[in-house]
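Visitor: Okay, structure incoming, though there's no sequence with it:
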């Protein structure tokens, strides 16, 4: 039962990748695949029972999946050193923007649902 479950997960990633490339979307295919899987899981509860063992296995070894990213960063150190100011500024500004948009979204949802949000 593990192979079909893994195939389902990969199928959602593939579909997301195809949609992203076919429509020239700025979103990565795996992100679209995850959105599709969340929608499918909410509509088909049996699907969750099928993919849960494989998903838990993947999550157990999630830290290993960051090793290639670390190697990529180390192999790009010269580029990072050359552009450290731009990288630092964009990281700082994008963090501030994400926090601000998160707060605005919270206030908007609180008003939409009738809750009170302190401003």
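Guide: Good, I have the coordinates. What you are looking at is a predicted structure, and each value in this text was computed from that prediction instead of being measured.

Visitor: Mean pLDDT per helix and strand in this protein: which one sits at the bottom?
Guide: Lowest mean confidence among the helices and strands of the chain (mean pLDDT, DSSP states H and E): helix 67-75, at a mean of 84.

Visitor: which residues make contact with the helix or strand just after that one from outside it?
Guide: Once the chain leaves helix 67-75, the next helix or strand it forms, by DSSP states H and E, is helix 77-82. Identification of contacts with helix 77-82 by C-beta atoms under 8 Å, 6 or more residues apart in numbering yields 73, 87. C-beta: built from backbone N, CA, C; applies to glycine.

Visitor: which element follows helix 77-82 toward the C-terminus?
Guide: Taking DSSP H and E, what comes next after helix 77-82 is helix 84-112.

Visitor: ok, and for the least confident helix or strand of the chain, which residues are buried?
Guide: The neighbour-count check on helix 67-75 (16 or more other C-beta atoms under 10 Å) flags nothing as buried.

Visitor: so how far is that helix off the chain centroid?
Guide: How far helix 67-75 lies from its chain's middle: 19 Å, per C-alpha atoms, centre = their mean, to the nearest Å.

Visitor: Show me what it is packed against.
Guide: With contacts defined as 3 or more C-beta pairs under 8 Å, 6 or more residues apart in numbering; DSSP states H and E, helix 67-75 has no helix or strand neighbours.

Visitor: Centroid-nearest residue for the chain?
Guide: Among the residues of the chain, the one closest to the centroid is residue 31, at 5.2 Å (C-alpha atoms, centre = their mean).

Visitor: What strand or helix carries that residue?
Guide: Using DSSP H and E, the element containing residue 31 is helix 29-43.

Visitor: Need the three-state assignment for the closest residue to the residue nearest to the centre of the chain other than its chain neighbours.
Guide: Leaving out its chain neighbours, the residue that sits closest to residue 31 by C-beta to C-beta, 6 or more residues apart in numbering is residue 16, at 6.8 Å. Put simply, residue 16 is helix when judged by DSSP: H, G, I helix; E, B strand; the rest coil.
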